[in-house]
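**Student:** my questions are about this predicted structure, shown below with the sequence.
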Amino acid sequence: MKELLRTNDPTAIAFAKALLEGEDIDCFEMDVHMSVLEGSIGILPRRLMVRDADHFRAKAVLKDNDLPVEEG
């Protein structure tokens, strides 16, 4: 799996997941429950991961919709 997006904004994650679902690209959100450790103040970013084979296409979908994408 490759990291596609890293953000503290839960709305950006939800939007990205909806876009990817619309393109039939499976994704997995990581670090969702880290808020328990940080006290729910939102300082730890969440990550959105996709399969290696889907990374290029998923990155293009997010870029086309003006979402920041992790380079690498």
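**Tutor:** Done, it's in.
**Student:** can you give me the helices in the protein?
**Tutor:** Here the chain has its helices, by DSSP state H, at 10-22, 35-38, 55-64.
**Student:** give me the low-pLDDT residue ranges for the chain?
**Tutor:** 35-42, 72 (pLDDT under 70).
**Student:** make it 90
**Tutor:** Applying pLDDT under 90 to the chain picks out residues 8-10, 31-46, 68-72.
**Student:** most centrally placed residue in it?
**Tutor:** Here the mean C-alpha position of the chain is nearest to the C-alpha of Leu48 (Cα atoms, centre = their mean), at a distance of 2.7 Å.
**Student:** roughly how far apart are the nearest residue to that residue once chain neighbours are set aside and Asp52?
**Tutor:** Spatial nearest neighbour of Leu48, chain neighbours left out: Leu5 (4.2 Å); criterion: Cβ to Cβ, 6 or more residues apart in numbering. Bear in mind the C-beta positions are built from the backbone N, C-alpha and C, glycine included. Applying Cβ to Cβ, to the nearest Å, the value for Leu5 to Asp52 is 16 Å.
**Student:** more neighbours: those two, which one.
**Tutor:** Neighbour count, other Cβ atoms under 10 Å: between Leu5 and Asp52, Leu5 has more, with 26 against 8.
**Student:** ok, the more buried one touching Lys63?
**Tutor:** No. Between Leu5 and Lys63 there is no contact under Cβ atoms under 8 Å: 10.9 Å.
**Student:** can you list residues touching both of those two?
**Tutor:** Counting by Cβ atoms under 8 Å, 6 or more residues apart in numbering, the common neighbours of Leu5 and Lys63 are Val69.
**Student:** same list (the helices of the chain) but as a markdown table, adding mean neighbour count and distance to Glu70.
**Tutor:** Compiled in a markdown table, the helices of the chain are given as follows (neighbours: other Cβ atoms under 10 Å; distance: least, Cβ to Cβ, whole Å):
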| stretch | mean neighbour count | distance to Glu70 |
| --- | --- | --- |
| helix 10-22 | 15 | 11 |
| helix 35-38 | 10 | 21 |
| helix 55-64 | 16 | 9 |
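**Student:** I am finished for the moment; much appreciated.
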